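Undergrad: With the input below, show me the fold.
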Amino acid sequence: MKILEYDERTSALKLYVENEDDLWLIHMIIAKGDRVVARTTRDVSMGNESRRVPMVIELEVEFTEFQPFTSRLRIHGIVRDAPEKYGIKGSHHTINLNLGDEIVIIKPSWPKAILERIKKHTEKNRKVMIVLADQDEFLVALPMEQGIKVLAERNLPGVSKEDGSFEDLASVVAKEIELYLSQYPVEAIIIAGPGPFKEILKGKLKTKSKIYLDSVSSASRSGLAEIMKRDIIDQVIRDYEISLATRELEKALGLLAQNSSLVIYGQEEVEKAASFGAVETLLVTDEMLSVQDEERRKKIEMIMEEVENKGGKVMIVPKDSPIFHQLQNLTGLLAILRFRIN
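TA: Sure thing, here's the model as predicted:
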């Protein structure tokens with residue numbers, strides 16, 4: 001994502017969409033009642049026929065729809081400004097925001113926490129691909145803010161080391177991985193597996209990305225879960241909150257098991273701790289920021305802003321995260337404290 005322009009006087013922020021994570025973030029920050037300006041198409045009557053016409057409109061947002069790992073965000077609302085000749089002001093419309101599009105978002109005021117989040121997002125430039133492989137199966141995955149995107153997952157024709165087919169099989173797998181690298185350029189690749197096949201694959205892979213090797217029990221989703229908890233993830237995707245949030249929740253669960261007063265959950269308790277500046281880390285599910293519940297959203301955003309203003313760290317946990325349901329069971333709002341408040 002690129003910030004093209006920010007007018008503090010009019011509270012208008014102009015963004016350029018580069019990837020799916022950008023769409024997910026825009027989905028999260030747009031609230032009901034915000035106004036957006038973007039290019040769209042609309043069926044309009046022209047004489048005796050209807051024609052789909054491109055135009056730029058201003059929409060007052062009612063709600064948004066985003067399907068994880070797609071390249072389109074749907075923004076539903078009411079047209080507040082459009083070319084007069086089409087007579088569509090006041091009507092309902094849906095803007096389909098795609099990769100490569102520009103959008104202007106206008107809020108009554110921009111919370112500092114949201115602006116900081118956008119700024120941090122635009123500064124993220126380190127991406128990693130995870131490849132799990134052995135002679136029987138392989139999996140290719142891309143960690144993203146919205147969760148883990150599995151690009152490929154399938155069984156391979158089993159071969160034995162004795163028949164000399166490891167080299168040929170590794171060449172086939174390497175070519176497929178290179179196709180994904182052309183679609184999803186990354187700075188680092190983690191190749192992991194239970195046996196020696198990963199070393200052979202590394203030698204066959206033609207890429208300028210830095211390659212890391214690691215071992216896991218299997219080249220499957222269970223192996224993916226293992227690698228996401230490793231220190232190697234912190235080395236190559238430290239900017240990706242999905243790994244960090246998992247570690248923070250595990251820390252919180254450990255404190256809860258000890259009946260510690262350094263971890264709390266629930267809106268009332270967390271709000272109180274935030275007011276004292278006691279929150280070290282705040283975990284929030286993305287559902288707590290739902291555009292459909294405007295009152296709750298504003299309250300949660302105020303808590304997030306207070307935490308960050310007082311030196312705390314805020315992590316938003318998306319629905320596709322492996323820890324989402326655990327956090328949801330703990331009210332969707334959990335804080336690890338730097339000092340006790342009771």
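Undergrad: how about low-confidence regions in the protein?
TA: Applying pLDDT under 70 to the chain picks out residues 68-70, 123-126, 145-146, 158-164, 231, 233-243, 291-292.
Undergrad: quick one, domains of it?
TA: Listed by automatic domain parsing, the domain ranges of the chain are 2-123, 128-236, 241-337.
Undergrad: how about these in JSON lines, adding mean neighbour count?
TA: Any C-beta I mention is one placed from the backbone N, CA and C, and that applies to glycine too. Shown next, in JSON lines, are the domains of the chain (neighbours: other CB atoms under 10 Å):
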{"stretch": "domain 2-123", "mean neighbour count": "16"}
{"stretch": "domain 128-236", "mean neighbour count": "17"}
{"stretch": "domain 241-337", "mean neighbour count": "18"}
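Undergrad: Run through who's touching stretch 94-103.
TA: With CB atoms under 8 Å, 6 or more residues apart in numbering as the test, stretch 94-103 has contacts from 4, 14-20, 22-23, 26, 36-40, 57, 59, 71-77.
Undergrad: give me that answer again for 7 Å
TA: Stretch 94-103 is contacted by residues 4, 14-19, 23, 26, 36, 38-40, 59, 71-76 when judged by CB atoms under 7 Å, 6 or more residues apart in numbering.
Undergrad: In the chain, spot the strand with the most residues.
TA: strand 49-66 (DSSP state E).
Undergrad: Pull up the pairing partners for that one, direction included.
TA: strand 35-46 (antiparallel), strand 72-81 (antiparallel) (DSSP bridges).
Undergrad: Make a markdown table out of those and add distance to Ser182.
TA: A markdown table is the format used below for these (distance: least, CB to CB, whole Å):
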| stretch | distance to Ser182 |
| --- | --- |
| strand 35-46 | 28 |
| strand 72-81 | 22 |
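Undergrad: Select, out of the ones you listed, the one closest to Thr246.
TA: Thr246 lies closest, by CB to CB, to one member of those: strand 72-81, at 26.0 Å.
Undergrad: Could you check the angle the following helix or strand past the closest one makes with strand 49-66?
TA: Proceeding C-terminally, strand 72-81 gives way to strand 92-98 as the next helix or strand, assigned by DSSP states H and E. Angle of strand 92-98 versus strand 49-66, following axes from the mean of the first three to the mean of the last three CA atoms, to 10 degrees, is 70 degrees.
Undergrad: Past strand 92-98, which element shows up next along the chain?
TA: Per DSSP H and E, the first helix or strand lying C-terminal to strand 92-98 is strand 102-106.
Undergrad: That following strand pairs with which strands?
TA: Here, using DSSP bridges, strand 102-106 pairs with strand 12-16 (antiparallel), strand 35-46 (antiparallel).
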